[in-house]
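>>> sequence-free structure coming up:
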């Protein structure tokens, strides 16, 4: 029987395989959610490099919202990632939810990134 970790890794891999087919060279907005924090990064899979990243652990996020594990912190991270992506010239991305359900914090981050100017 597979452990919970093995199941989650498998879900994330299944999602990424599907995204590679649909990406057409666009960078990937990857989300990581833990029980205490949330982070996102935009990754160029062709070059294998992270373009920009944002996290609820950063000092900017801590000043505005001390708790990193709720929907408002996720929305703040989404706004930060969209601002940083605009500075780097990234407008369109593919959203990689990483095996997490598109609900709650993951959804709040995605919607804030869309409002910030990212297209996916």
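Now that the structure is in, tell me what you want to look at. What you see is a predicted model; the values in this text were computed from it and never measured.

>>> can you spell out which helices and strands pack onto the helix or strand encompassing residue 106?
Residue 106 belongs to helix 105-115 when assigned by DSSP states H and E. On a contact count with 3 or more CB pairs under 8 Å, 6 or more residues apart in numbering; DSSP states H and E, helix 105-115 meets strand 28-33, strand 38-44, helix 71-88. C-beta coordinates here come from the backbone N, C-alpha and C atoms, glycine included.

>>> mean pLDDT added to those, as a markdown table?
Listed next are these as a markdown table, based on pLDDT from 0 to 100:
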| stretch | mean pLDDT |
| --- | --- |
| strand 28-33 | 96 |
| strand 38-44 | 96 |
| helix 71-88 | 96 |
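
>>> will you turn these into TSV that also has mean neighbour count?
Formatted as TSV, these follow (neighbours: other CB atoms under 10 Å):
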stretch	mean neighbour count
strand 28-33	22
strand 38-44	22
helix 71-88	20
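
>>> in stretch 10-26, what's buried?
12, 16, 19, 23, 26 (16 or more other CB atoms under 10 Å).

>>> and the closest residue to the third one other than its chain neighbours, what does it touch?
If I follow you right, that is residue 19. Excluding the flanking residues, the one nearest residue 19 by CB to CB, 6 or more residues apart in numbering is residue 94, at 5.1 Å. Contacts for residue 94 (CB atoms under 8 Å, 6 or more residues apart in numbering) come out as 19, 22, 23, 26, 27, 28, 29, 120.

>>> brilliant, that's me finished.
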